[in-house]
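Student: What follows is a predicted protein model with its sequence.
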Amino acid sequence: DAGVTQSPTHLIKTRGQQVTLRCSPKSGHDTVSWYQQALGQGPQFIFQYYEEEERQRGNFPDRFSGHQFPNYSSELNVNALLLGDSALYLCASSFGLGVSNQPQHFGDGTRLSIL
Amino acid sequence: AQSVAQPEDQVNVAEGNPLTVKCTYSVSGNPYLFWYVQYPNRGLQFLLKYITGDNLVKGSYGFEAEFNKSQTSFHLKKPSALVSDSALYFCAAQNTGGFKTIFGAGTRLFVKA
């Protein structure tokens, strides 16, 4: 039973570029959330996708956008990259929207470095 | 603003001794509370959760957590620490019916042999 998989594992970009990160949820899960974890900090909620729609959004600018596909996989896109976007980006999956008492399953993340 | 606080950046304990990692929360209503653990270069792994009922929750790897509503705390405990418990621990809260998870900043646990 595959868990949450993310690709790529590492990525180096320069300021102003655009990046796409990918996530496949755990088998049986239909909800995907994305988090940004800066060095030495806890994960910060970016947004959540369910039924191919963004359902909730954290305090992140419009440069951060996403998509969910019919097979429940998801992409995170970041435009006009800034140095401050350097972080570990975590994808988490769960089953059912609003089932807030269930733990999320996390991937190992994509380490994004902006030069 | 809703928040989760982990007042200790680091906790040091000797192997075999009990450990406590502290967490307090400021979230409206009766949130669901979680502990996750993160090993280097890995994602977060679920340890345990409090939904309702008994204030002492038992989880994976011998960990347990004590919920205290009056103090809005959810401290992680283990009776006897192992060197392999050394990792980064995160406390998290979710509003009932909400979808966002709020994480604390994390506490690094060092267990010395």
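Tutor: Structure's in. What do you need? The structure displayed is predicted, hence computed values, not measured ones.

Student: Those residues of chain B touching chain A, which are they?
Tutor: Within chain B, the positions lying close to chain A (Cβ under 8 Å from any Cβ of the partner chain) are B:4, B:32, B:34, B:36, B:41-46, B:49, B:51, B:90, B:94-106. From N, CA and C alone the C-beta is placed, and that goes for glycine too.

Student: among the residues you listed, which ones are buried?
Tutor: The neighbour-count test (16 or more other Cβ atoms under 10 Å in any protein chain shown) marks B:4, B:32, B:34, B:36, B:43-46, B:49, B:90, B:94-95, B:98-106 as buried among the residues of chain B next to chain A.

Student: Tell me the bridge partners for the residue minimising distance to the centre of chain A.
Tutor: Nearest residue to the geometric centre of chain A (Cα atoms, centre = their mean): A:Trp34, 2.9 Å. Beta-bridge pairing of A:Trp34 under DSSP bridges involves A:Phe47, A:Cys91.

Student: What residues does B:Gly104 make contact with?
Tutor: Contact analysis of B:Gly104 by Cβ atoms under 8 Å, 6 or more residues apart in numbering or on different chains lists A:42, B:4-6, B:23, B:90-92.

Student: In this structure A:Pro70 contacts A:Glu52, no?
Tutor: Yes. Taking Cβ atoms under 8 Å as the definition, A:Pro70 is a contact partner of A:Glu52 at 6.9 Å.

Student: what is in contact with those two at once?
Tutor: When Cβ under 8 Å, 6+ apart defines a contact, no residue borders A:Pro70 and A:Glu52 alike.

Student: quick one: which of these two has more around it?
Tutor: A:Glu52 (11 against 7; other Cβ atoms under 10 Å in any protein chain shown).

Student: That one touches A:Ser73, doesn't it?
Tutor: No. A:Glu52 is not in contact with A:Ser73 according to Cβ under 8 Å; the separation is 10.6 Å.

Student: Sheet-wise, list the partners of the helix or strand bottoming out on mean pLDDT in chain B with their directions.
Tutor: Counting by mean pLDDT, DSSP states H and E, the weakest-scoring helix or strand in chain B turns out to be strand B:101-103, with a mean of 90. Applying DSSP bridges to the sheet, strand B:101-103 is found paired with strand B:87-94 (antiparallel).

Student: quick one: contacts of the partner strand?
Tutor: Under Cβ under 8 Å, 6+ apart, the answer for strand B:87-94 is A:42-43, A:100-101, B:2, B:4, B:6, B:21, B:23, B:25, B:27, B:31-39, B:44, B:47, B:74, B:76, B:100-104, B:106-109.

Student: same check, this time on stretch B:70-83
Tutor: With contact meaning Cβ under 8 Å, 6+ apart, stretch B:70-83 is reached by B:13-26, B:33, B:35, B:47, B:50, B:61-68, B:85, B:89, B:91, B:109, B:111-113.

Student: a strand runs through A:Gln17, doesn't it?
Tutor: No. Under the criterion used here (DSSP: H, G, I helix; E, B strand; the rest coil), A:Gln17 is coil, not part of a strand.

Student: Quick check: residues of chain A near chain B?
Tutor: Chain A comes close to chain B at residues A:4, A:33, A:35, A:40-45, A:48, A:55-56, A:58, A:90, A:92, A:97-98, A:100-101, A:103-109, as judged by Cβ under 8 Å from any Cβ.

Student: quick one: low-confidence ranges for chain A?
Tutor: Residues of chain A that meet the criterion pLDDT under 70 lie in A:1, A:97-100.

Student: what about the strands in chain B?
Tutor: Along chain B, the segments classed as strands by DSSP state E run B:3-5, B:10-14, B:19-21, B:24-26, B:32-38, B:44-50, B:56-58, B:64-68, B:73-78, B:87-94, B:101-103, B:107-112.
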